[in-house]
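1. Need the 3D shape of this:
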Amino acid sequence: MDSYKRNELIAGLAMLGAGIAYLVLTMNLPRRGTIDAAFVPWVLAVALCLLGALQLWVWRKLPDKSAEPVEKPEAIDYPTVIKSMALVLLYTALMEPLGFVITTVLYLYAQFIVLTPADEKVKHLRYALIAVVSAVLIFYIFRHGFDLLLPVGLLDF
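-> Sure, this is the predicted structure:
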């Protein structure tokens, strides 16, 4: 088995194992109704299990590539990775004081800019519109759909 196929197997087993462990831990959470604090972790655990199973299914279908020439892997763009990690840290640090909506809008807008390829023009208006609509929609779904509170921060509504 070549290293690529072995890595795919390991990734699938790890995802499935983590999903099962997360599902077991989620089942220990107290339930208060259909949609409560345990609902989202349960959905995430099931999704992780499904992704792990899908990864293992794809692994079985992979051809053995040991006879083919080895391609040079694509170089990792470390500055983009570092910027993304810094944005996540800043997002979590500003969540309480600024609130979910403001922080999410700022995070998404900045992350869109960071992930825009260097040879493409940054579409500021489109990125800002997507960030605002996404943040407000997510806040509304959690607040009114799931009846879960997110930090409101400066916007007291």
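
2. quick one: contacts for the residue lying closest to Ala11 once chain neighbours are set aside?
-> Leaving out its chain neighbours, the residue that sits closest to Ala11 by CB to CB, 6 or more residues apart in numbering is Gln55, at 5.8 Å. No exception for glycine: its C-beta is placed from N, CA and C like everyone else's. Contacts here follow CB atoms under 8 Å, 6 or more residues apart in numbering; on that basis Gln55 touches 8, 11-12, 15-16.

3. Now, of those residues, which are buried?
-> Among these, those classed as buried by 16 or more other CB atoms under 10 Å are 8, 12, 15-16.

4. Show me the two of those that sit farthest apart.
-> Maximum pairwise distance among the buried ones among the contacts of Gln55 (CB to CB): 12.5 Å, between Glu8 and Leu16.

5. re earlier: the residue nearest to Ala11: helix or strand, and which one exactly?
-> For Gln55, the host element (DSSP states H and E) is helix 39-61.

6. for that helix, which positions count as buried?
-> Buried-residue list, helix 39-61, by 16+ other CB under 10 Å: 39, 42, 45, 48-49, 51-52, 55-56, 59.

7. which one of those is nearest Leu154?
-> Nearest to Leu154 among the buried residues of helix 39-61: Phe39, at 28.1 Å, using CB to CB.

8. pLDDT at that closest one, what is it?
-> Looking at Phe39, its pLDDT is 83.

9. Please apply the same query to Leu115.
-> On the pLDDT scale, Leu115 gets 92.
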